[in-house]
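[1] how would this look folded up:
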Amino acid sequence: MKQLSLTDNFEKHRKKTRKEQFLEDMDRIIPWQGLVDAITPFYPNPQGAGRRPIGIERMLRIYFLQHWFQLSDPAAEEAIYDSRAMRRFVGIDLGTEPAPDETTICKFRHLMEKRNLGDQFFHLVNQYLKENGLKVNRGTIVDASIISAPSSTKNKKKQRDPDMRQTKKGNQWYFGMKAHIGVDTETKLIHSVVATGANVHDSVVIGDLLHGEEELVFGDSAYSGKGDAINEAAPNALDLTQKKGSRHQTLTEAERDFNRRKSRVRARVEHAFGVMKGQFGFRKVRYKGLAKNAHYLFATCALINLVMAKEHLLKQRGALQG
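    Below you'll find the predicted structure:
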């Protein structure tokens with residue numbers, strides 16, 4: 001689907017940008033056919049009556065651009081017209097066809113949400129990574145991060161999003177949702193995701209973040225005292241969550257030293273949150289309602305895993321081509 005336009009032949013002094021390189025790399029490693037097959041049963045039949053629908057893979061590429069570059073539906077349409085790198089990734093030559101309009105992009109996103117395909121994508125990507133040698137190991141790191149939502153009531157309904165919740169962290173109040181993840185200690189890949197309101201304590205969903213085969217479970221002090229829940233979800237797991245002192249019983253020097261050593265492993269979970277919030281910019285909710293944002297979170301985590309595994313997958317592609 002990639003075509004060279006007339007202008008490509010005259011741009012002799014172009015330098016490949018980081019955006020272009022990123023999109024080329026992702027184009028090579030994403031399992032397009034498997035993801036397209038997951039959408040096909042729910043997509044309009046190209047042989048049916050009416051206007052021929054735009055190809056699934058093309059719409060999926062636009063959908064991923066929205067995640068990577070924080071694009072709304074109208075902004076995605078504008079970006080395709082504006083960015084040569086994005087047009088090449090989507091496979092559009094403006095000399096022969098226009099970009100899909102914002103309504104088409106919106107309808108595709110709604111289809112993804114209605115069929116909960118983000119969750120399915122997350123599991124398909126993890127299966128694909130497993131087949132390519134990135135298997136879940138015997139250790140899991142659990143953690144959670146707040147995704148902020150607008151707290152203002154200056155809108156048509158004069159109210160905040162009823163699905164979002166408020167919580168206090170330190171001396172600061174936050175309003176929004178919470179992304180809970182379980183990350184493999186070796187590969188640093190996300191294997192479990194849960195979305196809740198921000199007021200749900202991190203430790204409440206710890207059982208949903210374990211795959212059951214763990215031998216080691218790491219987490220910060222928010223998960224302290226959840227040994228029974230860990231044992232129920234993963235019977236063979238050793239609880240290595242941070243030990244927490246209290247006003248009446250401070251930690252010994254040995255306990256503080258053990259916490260520091262556990263923190264060196266636990267810190268690996270920040271790599272996933274770094275991609276989520278730093279690279280993908282998912283610091284604030286994208287839509288109204290927990291269900292839509294949970295779907296967005298699952299799709300984002302699938303793409304995070306592909307980014308985290310990029311070097312491994314590219315080496316495999318190079319070895320196969322060689």
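
[2] looking at the protein, which helix or strand is least sure?
    Least confident element among the helices and strands of the chain, by mean pLDDT, DSSP states H and E: helix 310-321 (a mean of 84).

[3] got the buried residues for that one?
    residue 313 (16 or more other C-beta atoms under 10 Å). (Glycine included, C-beta is placed from N, CA and C.)

[4] show me how far it is from its chain's centre.
    22 Å (C-alpha atoms, centre = their mean, to the nearest Å).

[5] convert the C-alpha atoms of that helix to CSV, please.
    Output in CSV follows, covering the C-alpha atoms of helix 310-321 (Å, rounded to 0.1, in the frame of the first residue of the first chain):
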residue,chain,number,x,y,z
LYS,A,310,10.6,-2.9,19.2
GLU,A,311,14.4,-3.6,19.3
HIS,A,312,13.8,-7.3,19.8
LEU,A,313,11.3,-7.6,17.0
LEU,A,314,13.4,-5.5,14.6
LYS,A,315,16.4,-7.8,15.2
GLN,A,316,14.2,-10.8,14.5
ARG,A,317,12.9,-9.2,11.2
GLY,A,318,16.5,-8.4,10.2
ALA,A,319,17.6,-12.0,11.0
LEU,A,320,14.7,-13.4,8.9
GLN,A,321,15.6,-11.1,6.0
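
[6] can you list the weak-confidence ranges in the stretch 151-300 of the chain?
    Residues of the stretch 151-300 of the chain meeting the criterion pLDDT under 70: none.

[7] buried residues, the longest helix along the chain. List them.
    Assignment by DSSP state H gives helix 290-308 as the longest helix of the chain. By neighbour count on 16+ other C-beta under 10 Å, the buried set for helix 290-308 is 290, 292-308.

[8] quick one, helices of the stretch 101-250 of the chain?
    102-114, 117-131, 227-233 (DSSP state H, counting those that start in this stretch).

[9] deepest of those, which one?
    Counting by mean count of other C-beta atoms under 10 Å, helix 117-131 has the highest mean neighbour count of these, with a mean of 19.

[10] list of residues touching it?
    31, 34-35, 38-39, 42, 111-112, 136, 189, 191, 193, 294-299, 301-303, 305-306, 309 (C-beta atoms under 8 Å, 6 or more residues apart in numbering).

[11] and the pLDDT for the nearest residue to residue 275 once chain neighbours are set aside?
    Leaving aside its sequence neighbours, residue 275 sits nearest to residue 304 (C-beta to C-beta, 6 or more residues apart in numbering; 4.8 Å). Per-residue pLDDT puts residue 304 at 98.
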